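model this:
(chains A, B and C)
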Amino acid sequence: MHIDHCMRGGRPAIRLYGITESGNSVLCYVTDFLPYIYIHTPDGFQPHHDAQLMKWLEDKSKSLVNVVNDGQFVYDETIYESNIDFELRFMIDIKILGVNWIKLKKGTYEEKYQHSSRCQYVVETSYETLISHDFSDQWSRTAPVTILSFDIECTAQPGKFPVAQLDPVIQIACVILVHGETEPCANIVLVLGGCTGIPSYTVRSYNTEEELLWAWYDLFIYVDPDVIIGYNIESFDILYLVDRAKFLFGNNSLSKSGRNKDEYTKIEDNLTTNKAYGFRDTKRILMHGRAVFDIYRVIEREFKLPSYKLDHVSDHFLGEKKEDVKYSDILKLYDGTNDDRQRLAQYCLKDALLPLHLMSKLSLLINYIELARVTGVPFVYLLACGQQIRGLSQICRTAFRDGYLVEAIDYQEGSTVKPYEGATVLDACVGYYTVPIATLDFSSLYLSIMMAHNLCYTTQITPKRAKEMGFAKDIDYIETPNGYLFVSQMVRRGLIPTILSELISARKCIKAAIKNEADPEKYKILEGRQLALKLSANSLYGMTGATKRYLLCVSIASSITSYGREMIQTIKEVVEKKYPESKVIYGDTDSVMINFGDIPLEDALRIGREAAEYTTGFFKKLINLEFEKMYFPYLLTSKKRYAGLYYTNTQKYDKLDVKGIQIVRRDSCNFIRDLLK
DNA sequence: GTATCGCCCTAG
DNA sequence: TTAGCTAGGGCGATAC
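Residues are numbered from 1 along each chain as shown, chains lettered A, B, ... in the order given. Down below sits the predicted model:
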């Protein structure tokens, strides 16, 4: 038996491992946090049958716990730091990535940089730290992550009773995955009560809820997870654990499940009304050093599905169903035979496994870690906060690098901003078309407008100032279709165009690298990274028009849309002039649908490509019109509502493309969808 | 009976 | 203590 020192859950711990005389391998930890120890036996052996081992552990742990409790282990910052062996912890720990600007302190900056009295966003700790931080390799590090997936089954329905009065008969299934660690670690199921008859899992039994709760916190020491996942755990499971601990043990005695032993796990109300994600009444769990990553929240955000029940979601993505156990049967099974309890354990286990499978199948964790790296916000912000913080983070990062200060806009409750004009939707020539309909699209229209015309917070100029500077129109500055002035690149390159071109070129590099990547794991990471770069580039336009908080700039947003409106009209005119028999039958924002008449698909394909190339010539550099697809036949029922067979070649259609019609809407019943289809 | 508004959910 | 944008169709509730 070997003994050494290590860190678990950010705390000093003693680790015991080895093979006992009776041939069982064992691994356990003792910390200052809990007097319990954890035993791992890889072959499913039940340690309490090994009297010799148990006695040895009992003696040993008593003396060890005393050692720990006597304070011979001092919490040592350097051990904690050196134990940080992977990137995610940096992401979780706000302090390290230098995004403390979110904690704003007014005035500090003015002392140093008196010329800018308008600046309010200040790096609280150290500006020098932030600007000297090397971001150059920020997108290239990889590291292992420890994940804990869990689920609780409870015999009482949540919501029916106050949580503290729930029937204490619960089961916790914990499936533990450890990547990149050397300790042997398998699946663990904890089941309350005398369920030792379940042979296929490593099972520990607990006679009281109190013991079980201790064991739960013990698990945090044993697994020391970076990420805690589950399905809708934020709205029930974690709250349950914390609330029950409060009820049973008083105050917050057990809520120190984070990595910093001096920080309690906090639960905040997270009531948001958000246009993008709708109304939500959730709790936000702040566990120091660990990220709560609720798969339900992710799926709900990323995918449009008719139902978000775990059963449906896992069937949809994995082709797997839940074990079918009714709520009302749980207690019966629990009180039943060994076989019954085994069924219950399997049900629990499945519910903990499915989120893990979903996460890996959809690359959710990888994609979100990449997004955190690209945008520079802490990992937990991605689920807890909206899109603005990501854009703001990118702007601040580049701004500090390039020597700008970011201005704050005071947000007044109830203040209304006049909405600005958006995109043009061309009138739809409603009908059923049995001829090929070609579609021309601008690729990322709003981004290319911002780059091509150098639109940015840092480049707008008043007519008065332009005159004072002796600037010449169309050389030193341009006037947008709705009358705002922006200086040209020669005068000053805008911050947003800089960010955009950096993101786009980074994405190009990664897309090139993906082609040569043979390792499937690395492939997934690169894929997630390029997706993150695309997403974060696309969110910058929304920032400029966001009427609530941070960096509203209607002049930029409305200039972008005004250019867009002008451009869609230009395409329509150019195409109809160049091809007199053609007619633009519909168009929305950045696309036009063209009827070239009754010609074969090959001809439509050729003419479409030609038209895209020809029309692109009418626009500034960086703006590309693409010929992507044809519809044949095409059914246009109104603005934003159409369907058609989608062709990208002349042989076979790719899919049936349906937009806006009841078939794709989730507020009608299945019968209507099926019938219309 | 008609106009208007709020709500939902989509297109881009 | 927190929230990307506008355009648009369709439907039920309400006002007149």
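
Looking at the stretch 501-650 of chain A, which residue is nearest DNA strand C?
Here the stretch 501-650 of chain A gets closest to DNA strand C at one residue, A:Gly542, 2.2 Å apart by Cβ to the nearest atom of the strand. Glycine gets a C-beta too; all of them are placed from N, C-alpha and C.

Checking the nearest residue to A:Gly545 once chain neighbours are set aside next. Helix, strand or coil?
The shortest distance from A:Gly545 to any non-neighbouring residue, by Cβ to Cβ, 6 or more residues apart in numbering, is to A:Ala557 (3.5 Å). Secondary structure, DSSP: H, G, I helix; E, B strand; the rest coil: A:Ala557 is helix.

Please enumerate the helices of the stretch 251-400 of chain A.
Remark: helices assigned in the stretch 251-400 of chain A by DSSP state H, counting those that start in this stretch are A:295-302, A:310-318, A:327-335, A:338-361, A:364-375, A:381-384, A:388-402.

okay, the angle between the fourth one and helix A:310-318?
Per axes from the mean of the first three to the mean of the last three Cα atoms, to 10 degrees, the angle that helix A:338-361 makes with helix A:310-318 is 50 degrees.

Can you name every helix or strand that helix A:338-361 contacts?
Under the contact criterion of 3 or more Cβ pairs under 8 Å, 6 or more residues apart in numbering; DSSP states H and E, helix A:338-361 touches strand A:146-154, strand A:170-178, strand A:188-192, strand A:227-230, helix A:295-302, helix A:310-318, helix A:327-335.

ranking these by mean pLDDT, which is last?
Set side by side, the helices and strands packed on helix A:338-361 differ in mean pLDDT, and strand A:188-192 is lowest with a mean of 41.

quick one: what helix or strand has A:Val574 in it?
Assessed by DSSP states H and E, A:Val574 sits inside helix A:554-578.

so, in contact with DNA strand B or not, the helix or strand that that helix is followed by?
Sequence order places strand A:583-588 as the next helix or strand after helix A:554-578, per DSSP H and E. Yes - using Cβ under 7 Å from any atom of the strand, strand A:583-588 reaches DNA strand B at A:Asp588.

Show me what strand A:583-588 packs onto, helices and strands only.
The contact analysis (3+ Cβ pairs under 8 Å, 6+ apart) places strand A:583-588 against helix A:554-578, strand A:591-595.

Can you add mean pLDDT and mean neighbour count and give the ones you listed back as JSON lines?
As requested, the helices and strands packed on strand A:583-588 are exported to JSON lines (pLDDT from 0 to 100; neighbours: other Cβ atoms under 10 Å):
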{"stretch": "helix A:554-578", "mean pLDDT": "92", "mean neighbour count": "19"}
{"stretch": "strand A:591-595", "mean pLDDT": "94", "mean neighbour count": "23"}
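
tell me the domain ranges of chain A?
Following the assignment in automatic domain parsing, chain A carries domains at A:2-137, A:146-367, A:412-444+A:553-677.

Identify the residues contacting A:Ala643.
Counting by Cβ atoms under 8 Å, 6 or more residues apart in numbering, A:Ala643 touches A:634-635, A:656-659, A:661, A:663.

Just give me the closest of the residues you listed to DNA strand B.
Nearest to DNA strand B, judged by Cβ to the nearest atom of the strand, of the contacts of A:Ala643 is A:Lys659 at 3.6 Å.
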